[in-house]
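Peer 1: I'll drop the sequence and a predicted model, then ask my questions.
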Amino acid sequence: MNEDFFQGYKGHALELLKQYNVRVWGQAEVETTRGNFSGTVLPRSENDDDHHIVMKIVTGYNIGIDTDTITSMKEVGYKKANYKIPEKQFPITPGLPRVKLLGTGGTIASRLDYRTGAVIPAFSPGELYGAVPELADICNLETEKLFAVFSENMGPKQYIALAQAIGKEIEKGIDGIVIGHGTDTLSHTGAALSFMVQNSPVPIVLVGSQRSSDRPSSDAALNLMHAMTAAGHGDIAEVMICMFGPTSDEYGLLHKGTRVRKMHSSYRSTFRTIGDTPVAMITRKGLTPIKTEYNHRRKDRNVVIKPYFSDNVTMLYYYPAMKPDIIDGMVDMGYKGIIIVGTGLGHVNKELYPAIERAHAKGVHMFMTVQTIWGYAHMFVYDTGRDMMAKGIVPLGNMLPEVAFVKLSWVLGQTEDPAEVNRLMLTPVNDEITEREPYNGYLVYQGGVPEVEDFIKKVHK
């Protein structure tokens, strides 16, 4: 057979495919010492080993079969698969709201690259409709692909472009905006847009997925439907993040862009509101508010766009016995703002005091957040905290560290006047600092404890 029939295979795996005349993309039946399998033979990643043959079985999952266990193979059909979903023109239905989908990339807009075995940004916004035709029942969708990057590659350039694009769409009369985005830094972008896009008359909903669209357990389609429903039909005109509530398909949650964090690397229900409750529950049928106070949808087109961002800000996660040369190095490198993520109520060791004093003398703006994630920086409780405040460090209440980093970057993009920087940092734009946390704003259940185990048996995860 031609070598083109064995994409990526080498060594023992290649020899077996040739021996049994089985091609990549061939439907094959494979007998092994560990059982029999049937499915489509897939290409191998160019960086993978030569001791496995990969198949997509009927459930849609991919499996690797150890070549040493294979006793027989037979090709029973052949059809080269096309994993690219075609773009389709979105139908227009009179009476449905107009929603603009701004594509940035990420898993919600991705497919599997069989050359490398990696998930890559590949679906354009138009292809998303080809994958999720139910969207046509929710809204009249307009799409624009702004970027095609993984979320770790999002930054100031993309934040500013997004804010400006949102402003233009609102001025043109759009009813709601959805932003497709990777989940890893979804909360960072949510915070950035909360500061850059203020007083929006329409919902702005960021959405991602934990599992790529080619997986049977993908959350991409349902998350998109939920986000489109919230953007087109919802009454909450704020920057929000829309993702799964429980790990099941029952409902999604809308989280405020300044109070949300990704809390699990792979769960579909990874996003949690921290120090507060989610804004609302969302299903394909509609939105159910959880919070009683929020910005309502308006008919005007008034929106305030403040697309500012400084890249001279960094975040310092304190650890025991940290040396002062770290802070000195940051100052020497030209950083103008430092978000310190301290222990407990907001503490660092005394060895850092001289470096903190030097940084303050050089005009570096320093603010304190806490590693505990939940709770407040209370620096007036212990001598350590009071000493640091006297040296120029300002506590930020219950602002999340990542949100504080984004906000200080946004503030220093506008001014470096110390008094104005402090005023802007301590003046909440959208609940990034709250006076108190609700009694149910901190819930961490510990598995193995009897009362928790009883609870888990009664409810979904």
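Peer 2: It's in.
Peer 1: Going by C-alpha atoms from here, please, whenever you check contacts or count neighbours.
Peer 2: Fine.
Peer 1: And residue 187, how far from residue 287?
Peer 2: Using C-alpha to C-alpha, to the nearest Å, we find residue 187 at a distance of 21 Å from residue 287.
Peer 1: Also residue 34?
Peer 2: From residue 34 to residue 287 the distance is 49 Å (C-alpha to C-alpha).
Peer 1: Likewise for residue 104?
Peer 2: Counting by C-alpha to C-alpha, the gap from residue 104 to residue 287 is 25 Å.
Peer 1: cool, and residue 339?
Peer 2: On the measure of C-alpha to C-alpha, residue 339 and residue 287 end up 36 Å apart.
Peer 1: okay, those two: which has more neighbours?
Peer 2: Comparing residue 339 with residue 287 by other C-alpha atoms under 10 Å, the one with more neighbours is residue 339, at 27 against 21.
Peer 1: residues making contact with the helix or strand harbouring that one?
Peer 2: Residue 339 belongs to strand 337-342 when assigned by DSSP states H and E. Strand 337-342 is contacted from outside by 312-318, 348, 364-371, 401, 404-405, 408-409, 412, using C-alpha atoms under 8 Å, 6 or more residues apart in numbering.
Peer 1: please redo it, this time with the cut-off set to 7 Å
Peer 2: Outside strand 337-342, the residues that touch it by C-alpha atoms under 7 Å, 6 or more residues apart in numbering are 312-318, 348, 364-371, 401, 404-405, 408.
Peer 1: do the same with stretch 68-81
Peer 2: Stretch 68-81 is contacted from outside by 20, 22, 25-34, using C-alpha under 7 Å, 6+ apart.
Peer 1: Residue 37 in helix, strand or coil?
Peer 2: At residue 37 the chain is in strand, as set by DSSP: H, G, I helix; E, B strand; the rest coil.
Peer 1: Could you do the one 3 residues further on as well?
Peer 2: Classification of residue 40 by three-state DSSP places it in strand.
Peer 1: Distance of it relative to residue 370?
Peer 2: 50 Å.
Peer 1: repeat for residue 158
Peer 2: Distance of residue 158 to residue 370, computed by C-alpha to C-alpha: 28 Å.
Peer 1: Look at those two and report which has more neighbours.
Peer 2: Neighbour count, other C-alpha under 10 Å: between residue 158 and residue 370, residue 370 has more, with 27 against 16.
Peer 1: where does the stretch 351-461 of the chain dip in pLDDT?
Peer 2: Counting by pLDDT under 70, the ranges of the stretch 351-461 of the chain that qualify are 460-461.
Peer 1: Could I get the full set of helices for it?
Peer 2: Ranges of helices in the stretch 351-461 of the chain, per DSSP state H, counting those that start in this stretch, are 353-361, 383-390, 401-412, 418-426, 450-458.
Peer 1: Residues contacting the first one, please?
Peer 2: This means helix 353-361. 324, 327-328, 331, 391-392.
Peer 1: Also the last one?
Peer 2: Applying C-alpha under 7 Å, 6+ apart, the contact partners of helix 450-458 are 445-447.
Peer 1: which of those residues tops the neighbour count?
Peer 2: Top of the contacts of helix 450-458 by neighbour number is residue 445, holding 12 neighbours under the definition other C-alpha under 10 Å.
Peer 1: what's that residue in contact with, if anything?
Peer 2: Contacts of residue 445 (C-alpha under 7 Å, 6+ apart): residue 452.
Peer 1: one more time with 10 Å
Peer 2: Residue 445 is in contact with 451-453, 455-456, counting by C-alpha atoms under 10 Å, 6 or more residues apart in numbering.
Peer 1: What does the pLDDT read for residue 43?
Peer 2: For residue 43, the pLDDT comes out at 84.
Peer 1: so which of the contacts of residue 445 comes closest to residue 266?
Peer 2: Among those, residue 456 lies closest to residue 266 (C-alpha to C-alpha), at 19.6 Å.
Peer 1: ok, so what distance separates the closest one from residue 446?
Peer 2: To residue 446, residue 456 is 11 Å away according to C-alpha to C-alpha.
Peer 1: And the pLDDT at residue 90?
Peer 2: So residue 90 comes in at 74 (pLDDT).
Peer 1: So for it, what's the nearest residue that isn't a sequence neighbour?
Peer 2: Take residue 90 and drop its neighbours on the chain: the residue closest to it by C-alpha to C-alpha, 6 or more residues apart in numbering is residue 141, 6.6 Å away.
Peer 1: Identify the bridge partners of the one you found.
Peer 2: When assigned by DSSP bridges, residue 141 has beta-bridge partners residue 99.
Peer 1: Around it, how many other residues sit close by?
Peer 2: When neighbours are counted by other C-alpha under 10 Å, residue 141 registers 26.
Peer 1: do the same with residue 421
Peer 2: Residue 421 has 16 neighbours, counted by other C-alpha under 10 Å.
Peer 1: same thing with the one 3 residues further on?
Peer 2: The burial metric for residue 424, expressed as a neighbour count using other C-alpha under 10 Å, is 16.
Peer 1: what does the one 3 residues further on give?
Peer 2: In terms of burial, residue 427 registers 12 neighbours under the definition other C-alpha under 10 Å.
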